[in-house]
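A.B. asks: Everything below, folded, please.
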Amino acid sequence: MWVRHGADSTTGSKSRLKLYLVHMLAAAFPQVRKIVPTRQATFSRIAELQHLVAAESPGRGLACGKVGPVMPVTLKSSSRRECPAPAVAFAALLLIIGATPAQAIPNSRIEEFDNTIFKDAVNTTADWNTSAGKLQIFPFRPTLLGSYDTPGNAYDVALSGTVAYVADGLSGIRIVDVSNPASPILLGSFDTPGEAVGIAVAGTRCYVADNSSGLLIFNVSNPASPTLLGSYVTGSTAFGVAISGTVAYVADFFSGLQILDVSNP
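C.D. replies: Numbers count the residues shown, from 1 in each chain. Purely as a prediction, here's the structure:
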């Protein structure tokens with residue numbers, strides 16, 4: 001729709017196109033100042049913008065239809081340079097969208113990271129670098145706080161407060177105080193008849209998937225001295241357990257899922 005002679009850079013082309021859009025709108029719609037009051041400052045500089053276009057290409061410039069001198073554009077004219085209303089409407093849309101700053105959108109902001117006004121000082125763990133104007137995310141690097149070497153093979157663990165319950169294979173269960181992660185302390189243990197490979201805790205009860213011995217239920221109100229409350233031999237070998245209320249869900253290898261009522265252990 002628009003033709004311009006000569007070659008220029010991409011940036012220059014975009015700049016001149018924007019100047020031409022302003023020129024077109026001002027010539028075709030003088031009343032647009034009333035419709036879009038936020039563009040008042042832009043339209044007050046129409047004469048200056050026209051001068052810039054003319055100065056860059058003396059005697060020639062952007063025109064609707066073909067190359068020629070810069071001239072006013074009207075919607076109704078006997079001139080061959082008549083610019084149709086759809087073209088003007090499209091130009092208006094481009095100009096308004098391109099010139100609207102993000103801050104004009106309600107409840108929005110473009111963060112440049114050049115200040116800390118909106119920084120959440122409590123929860124922001126990244127590097128809010130105001131000198132570089134960027135937010136740098138630190139790589140995730142887990143740090144070992146402590147450890148406890150159980151005598152068996154630790155297959156599973158469950159937590160309740162500051163106490164960890166470990167399914168320790170052929171060594172049964174191990175109950176460890178982890179209130180100080182750097183220095184875990186053994187509170188108690190129970191050597192189960194099978195191989196403890198799964199464990200869950202709910203309240204003062206501990207549920208152990210004990211391989212061929214099925215499901216074992218312990219009272220751990222006193223972690224130093226866990227006591228066996230009851231057991232259930234599943235059809236195969238119990239490898240995992242989960243508790244919801246008074247129902248236990250046991251992963252029982254070849255026998256699939258076993259659902260047990262444990263309201264009376």
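
A.B. asks: where's Gly235 relative to Ser244, distance?
C.D. replies: Per Cβ to Cβ, to the nearest Å, Gly235 is found 21 Å from Ser244. Just so you know, the C-beta spots here come from the backbone N, C-alpha and C atoms, and that holds for glycine as well.

A.B. asks: and those two? which has more neighbours close in?
C.D. replies: Applying other Cβ atoms under 10 Å to Gly235 and Ser244 shows that Gly235 carries more neighbours, namely 13 against 9.

A.B. asks: hang on, the more buried one in a helix?
C.D. replies: No. Assignment of Gly235 by DSSP: H, G, I helix; E, B strand; the rest coil gives coil, placing it outside any helix.

A.B. asks: how near is it to Pro193?
C.D. replies: 17 Å.

A.B. asks: same question, Ser255
C.D. replies: Counting by Cβ to Cβ - Ser255 and Pro193 are separated by 19 Å.

A.B. asks: Repeat that for Ser221.
C.D. replies: 22 Å.

A.B. asks: Please enumerate the strands of the stretch 101-250 of the chain.
C.D. replies: 127-129, 134-136, 156-160, 163-167, 173-177, 185-190, 198-202, 205-209, 215-219, 227-232, 240-244, 247-251 (DSSP state E, counting those that start in this stretch).

A.B. asks: strands paired with the first one, and their directions?
C.D. replies: Yep, that's strand 127-129 we're talking about. When pairing is defined by DSSP bridges, strand 127-129 lines up against strand 134-136 (antiparallel).

A.B. asks: Show the average pLDDT along the partner strand.
C.D. replies: Computed over strand 134-136, the mean pLDDT rounds to 75.

A.B. asks: which residues are in contact with that strand?
C.D. replies: By Cβ atoms under 8 Å, 6 or more residues apart in numbering, the surrounding residues in contact with strand 134-136 are 111, 113, 126-129.

A.B. asks: Quick check: the two most widely separated of these?
C.D. replies: The distance between the two most remote of those (Cβ to Cβ) is 14.2 Å, for Glu111 and Asp127.
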